[in-house]
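how would this look folded up:
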Amino acid sequence: MTDLSPIPWDEKLPGPEDVDQDGFCWAWDNVNCFWDWTYIRTRTKAEMYMYSYTHWLPYHSLPFPVQ
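Prediction:
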């Protein structure tokens, strides 16, 4: 079973195994009014802090809604 505990940006940036083919993973916005998981392209810790993302999960951790 995979551990789905959110990983702080301070501890580790996502590696190649954590992002999809386009470089996206899930990021938690804990500061702004949204307070939710967002599917984003990861770049640097500085950029994640600028947008108030505090934690991340690998791309395959959360399902996408099905229409």
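
Check which residues of the least confident helix or strand in the chain by mean pLDDT are buried.
Least confident element among the helices and strands of the chain, by mean pLDDT, DSSP states H and E: helix 45-50 (a mean of 78). Within helix 45-50, the residues that qualify as buried are M48, counting by 16 or more other CB atoms under 10 Å. For glycine as for every other residue, the C-beta is placed from the backbone atoms N, C-alpha and C.

do the same with stretch 21-40
Residues of stretch 21-40 classed as buried: 24-29, 37, 40 (neighbour count, 16+ other CB under 10 Å).

By pLDDT, rank the residues you listed and give me the bottom one.
Checking pLDDT across the buried residues of stretch 21-40, the minimum falls on D29 at 81.

From P16, how far out is that residue?
24 Å (CB to CB, to the nearest Å).

likewise P58?
Using CB to CB, P58 is found at 11 Å from P16.

Between these two, which is the more surrounded one?
More neighbours surround P58 than the other of P58 and P16, with 17 against 6 (other CB atoms under 10 Å).

Outside of the least confident helix or strand of the chain itself, list whatever touches it.
With contacts defined as CB atoms under 8 Å, 6 or more residues apart in numbering, helix 45-50 is touched by 9-10, 13, 27, 42, 54, 56.

so of those, which ones are in strands?
The strands, defined by DSSP state E, take in 27, 54, 56 from the contacts of helix 45-50.
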